[in-house]
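sequence first, predicted model second:
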Amino acid sequence: MGERSWSQMVRNPWPVRRARTRIEGVELSPIKAVELEASRIPDVVSLAQGIPSFDTPEPIKRFVQERLNEDVCARYSVTPGLPRLRESIAEALRRDGMAYDPDGEILVTAGSIEAIAASLLALVDPGDEVLVVSPTYASYLPAIRLAGAVPRFVALAEDANFDLDTDAIEAAAGRRTRALILCNPNNPTGTVFSAEQTRRMLAVAKREDFIVIADEVYKDFLYGEARIHSAATELWARDRVIRVCSFSKAYAMTGWRVGFLHGPASLVTEVLKVHDALVTCAPVVSQYAALAALELGDAEIAAFRAEFRRRRDQVIERLDALPHAFDYQKPNASYFVFPRVKDTVPMARDSRRLAADILARARVALVPGVAFGPSGEAHLRLCYARSADDIHRAFDRLDDYFAGRPARATSPAPAPPTPSTGGLTRRAGTALLRHGARVHLARTRPRIIAITGTQGKTVIKRTVAELLGQTLRVRANPLSYNTAVGLPLAVLGRQLDTRRPGRAARDLAAALWEAYASRARVDVMVLELGVRAAGDMRAHLEVVRPDVVVIAPLAPSFSEDGGALSTLRREIAALCSAGTASAVLMCTDDPFLAELAEHTPGAVGFARDDVAPRDGGIGLRIDGTTWPVGRDAVGASQLRALSVAARVGRQLGLSDRDIGAFLAG
């Protein structure tokens with residue numbers, strides 16, 4: 001062991017002492033500490049930790065089970081995350097007015113706190129200051145200290161419903177300020193920062209030259225007229241904003257530990273290095289759960305949001321009945337309320353002692369307000385993500401506590417049994433759908449644009465459908481995750497909802513009616529052809545015969561994915577040799593496709609460099625024609641998609657004038 005023996009190191013463990021200096025001041029989250037203490041007391045009702053009372057929705061669990069059965073979850077993904085998941089995230093961001101490149105500006109993480117910790121470790125130096133609005137989420141402080149930085153609290157404007165106080169932020173910013181962290185909608189106050197103050201905060205960040213880490217994990221739970229204004233939507237400040245999101249809250253997936261961040265490539269590239277060192281990649285099984293959530297979860301979010309709003313109203317009614325104990329501001333987002341304890345209440349100005357006393361005497365677990373920063377003192381945080389019964393039981397006990405009565409001893413009523421979900425016999429349902437899709441195509445005879453590959457496939461589909469949809473009747477189903485069922489459903493323009501008994505059967509009946517009886521017609525179908533195993537492409541061609549084939553680059557989904565990539569290449573070669581398409585467009589940025597194009601009759605190449613700088617802007621050049629591009633085009637996938645859309649538009653008879661108008665934006 002060199003100059004120092006093992007026995008010497010045991011007697012004088014300097015590496016341990018040095019390591020401990022880095023975690024001085026890092027403590028277990030006070031929220032977790034409350035839960036841990038509550039677990040030692042019988043018959044406690046907890047409104048402490050922010051865990052939704054719901055289970056992960058059945059469609060997500062079924063999707064993950066299918067992926068487990070396909071043996072695709074046992075390997076690392078590429079470090080930034082599954083390409084298909086990042087593309088799906090990019091599509092969701094675009095719908096919300098934010099354009100980010102899935103190949104360099106989106107990173108899938110092991111939950112939102114890993115995203116925040118990795119960002120701080122990558123972008124903040126020891127001794128730097130990080131501004132933290134107060135009150136705010138307690139776990140930011142350990143992450144800041146682990147990075148060697150110094151947290152500096154900036155109070156929110158409580159009189160303005162806990163909005164940002166940009167004058168206070170500017171006063172707190174100094175030469176060592178490197179970042180500001182905020183949670184919007186805010187935990188613990190349940191409020192949303194105004195657009196005006198968000199813009200002013202970003203202006204301060206620009207003047208003082210610090211980055212903004214915007215944690216928006218509660219963005220899906222807004223009530224009434226509340227609207228979130230994300231810092232990431234301000235294009236002029238884009239180069240200094242990292243936005244963090246999570247699947248934990250919106251989809252009841254706290255145990256899956258998966259989230260994501262997005263930001264400018266210059267910052268995300270640095271965070272990626274730390275992410276790789278910490279976790280290599282987010283859990284692959286959880287990444288597939290996240291993919292299912294994005295593709296299947298909209299209805300689930302709506303149901304959760306409606307229930308949380310009912311519980312919020314329930315909490316407000318109970319707080320209104322305790323005017324001698326609390327003042328509060330109505331939360332318009334998340335699932336927390338942060339009432340101020342009135343001065344007449346004993347221990348009102350010591351929220352730790354008060355919360356401990358309530359736990360001991362009333363057996364109700366609440367989080368002391370000071371856990372969320374100095375301006376949180378004299379408050380308590382209540383979480384209404386718990387069941388309505390738990391909320392009522394907790395407030396019954398709080399009524400007794402503040403009235404000086406002994407706590408009521410009650411036990412939770414047993415939960416009613418969850419009805420089992422009936423389903424289709426998969427094999428029979430799949431056969432019916434595939435036959436119906438073939439019949440429908442024979443009846444309606446649309447032109448078929450088939451897109452395959454891996455990188456940018458969804459972006460290409462959306463862009464092609466948008467261009468063609470200006471003059472033609474287009475069908476482009478956004479879901480394409482199921483090789484056997486997804487393609488016929490896309491052809492028929494239907495989805496199967498198996499969340500409730502009988503619903504899947506009705507959806508199947510509607511799909512078959514579309515196949516055999518509907519007179520509705522479309523001119524063009526834009527379909528994705530997914531490949532997981534040998535023979536998948538042949539199965540697709542039994543349902544559809546493409547008129548135009550588009551092949552996106554073949555990027556691996558996993559760190560060691562040679563076998564899957566080889567299978568995909570063979571399947572694409574089989575598609576090209578089938579000879580059904582009048583045009584085959586291949587991305588020549590991919591060396592394999594560039595070589596394949598040379599041996600495929602009629603193949604045409606496209607590349608990201610088709611779109612290049614021109615006259616102070618950018619232009620798309622195809623076969624001697626150049627169109628100015630005014631559309632927002634972020635990332636290689638979007639640039640390729642514009643080239644593909646123009647080529648497909650020409651193939652289907654659109655005029656150069658129509659294509660130019662589309663590209664101009």
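Great, that's in hand. Residues are numbered from 1 along each chain as shown.

quick check, L596 in a helix?
Yes - applying DSSP: H, G, I helix; E, B strand; the rest coil, one finds L596 inside a helix.

quick one: contacts for it?
Contacts for L596 (CB atoms under 8 Å, 6 or more residues apart in numbering) come out as I572, A573, C576, M586, A603. In short, each C-beta sits where N, CA and C put it, glycine included.

distance of R608 from V634?
Between R608 and V634 the distance is 12 Å, computed by CB to CB, to the nearest Å.

what do you get for V132?
V132 sits at a distance of 30 Å from V634 (criterion: CB to CB).

with V485 instead?
If you go by CB to CB, the gap between V485 and V634 works out to 32 Å.

where along the stretch 1-150 of the chain do the strands fall?
45-46, 106-109, 129-134, 150-155 (DSSP state E, counting those that start in this stretch).

most packed of those strands?
Looking across those with neighbours counted as mean count of other CB atoms under 10 Å, the highest average goes to strand 106-109: a mean of 27.

what packs against that strand?
helix 83-95, helix 112-123, strand 259-262, helix 265-279 (3 or more CB pairs under 8 Å, 6 or more residues apart in numbering; DSSP states H and E).

redo those as TSV? Include distance to L639, mean neighbour count and mean pLDDT.
Compiled in TSV, those are given as follows (distance: least, CB to CB, whole Å; neighbours: other CB atoms under 10 Å; pLDDT from 0 to 100):
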stretch	distance to L639	mean neighbour count	mean pLDDT
helix 83-95	13	21	93
helix 112-123	27	24	97
strand 259-262	18	26	98
helix 265-279	14	17	96
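
nearest to T430, of these?
helix 83-95 (21.7 Å; CB to CB).

check which helices and strands the closest one sits against.
Applying 3+ CB pairs under 8 Å, 6+ apart, we find helix 83-95 packed against strand 106-109, strand 259-262, helix 284-296, helix 457-468.

quick one, which of those gets closest to I391.
When the helices and strands packed on helix 83-95 are compared for distance to I391 using CB to CB, the nearest one is helix 284-296, at 25.9 Å.

pLDDT-wise, which helix or strand of this structure ranks last?
Taking mean pLDDT, DSSP states H and E as the measure, the helix or strand of the chain with the lowest value is helix 6-11, at a mean of 41.

tell me the buried residues in the lengthiest helix in the chain?
Of all the elements of type helix in the chain, the one with the most residues (DSSP state H) is helix 298-320. Of the residues in helix 298-320, those buried by neighbour count under the rule 16 or more other CB atoms under 10 Å are E300, I301, F304, R305, E307, F308, R309, R311, R312, V315, R318, L319.

the third one contacts T56, doesn't it?
No - taking contacts as CB atoms under 8 Å, F304 lies outside contact range of T56: 11.2 Å.

which neighbours do the two share?
Residues touching both F304 and T56 (CB under 8 Å, 6+ apart) are A252.

for R349, grab the count of nearby residues.
Here the number of neighbours of R349 (other CB atoms under 10 Å) works out to 13.

tell me how many other residues crowd the nearest residue to it once chain neighbours are set aside.
Of all residues not flanking R349 in the chain, A378 sits nearest, at 5.5 Å (CB to CB, 6 or more residues apart in numbering). The number of residues packed near A378 is 21, by other CB under 10 Å.

ditto for A520
With other CB under 10 Å as criterion, A520 counts 10.

can you give me the strands in the stretch 501-650 of the chain?
In order along the chain, the stretch 501-650 of the chain carries the following strands (DSSP E, counting those that start in this stretch): 524-528, 548-551, 583-587, 603-606, 611-614, 617-622, 625-629.

and the stretch 351-500 of the chain, by the same measure?
364-365, 367-368, 380-383, 447-452, 474-475.

pretty sure A179 contacts F210?
Yes - applying CB under 8 Å, one finds A179 in contact with F210, separated by 5.5 Å.

any common contacting residues for those two?
Contact with both A179 and F210 is made by residues L131, according to CB under 8 Å, 6+ apart.

domain parsing for this protein?
Each structural domain of the chain that the record assigns through automatic domain parsing is listed here as a residue range: 6-54+301-403, 74-299, 426-664.

closest to L68 out of the ones you listed?
Using CB to CB as the criterion, the shortest distance between L68 and these is 6.9 Å, found for domain 74-299.

quote the end-to-end distance of the closest one.
End-to-end distance for domain 74-299: 30 Å, by CA to CA, to the nearest Å.

then stretch 169-180?
By CA to CA, the extent of stretch 169-180 from end to end equals 9 Å.

also stretch 613-629?
Between the opening and closing residues of stretch 613-629 lies a distance of 10 Å (CA to CA).

so how far is that stretch from its chain's centroid?
Using CA atoms, centre = their mean, to the nearest Å, the distance from the centre of stretch 613-629 to the centre of the chain it belongs to is 34 Å.

buried residues, it. List them.
Applying a neighbour-count criterion of 16+ other CB under 10 Å, the buried positions in stretch 613-629 are I618, G619, L620, I622, W627, V629.

skipping its backbone neighbours, what lies nearest the first one in space?
Translated: I618. Nearest residue to I618 in three dimensions, chain neighbours excluded: V629, at 4.8 Å (CB to CB, 6+ apart).

before we move on, what about the second one?
Nearest residue to G619, sequence neighbours excluded (CB to CB, 6+ apart): T626, at 4.8 Å.
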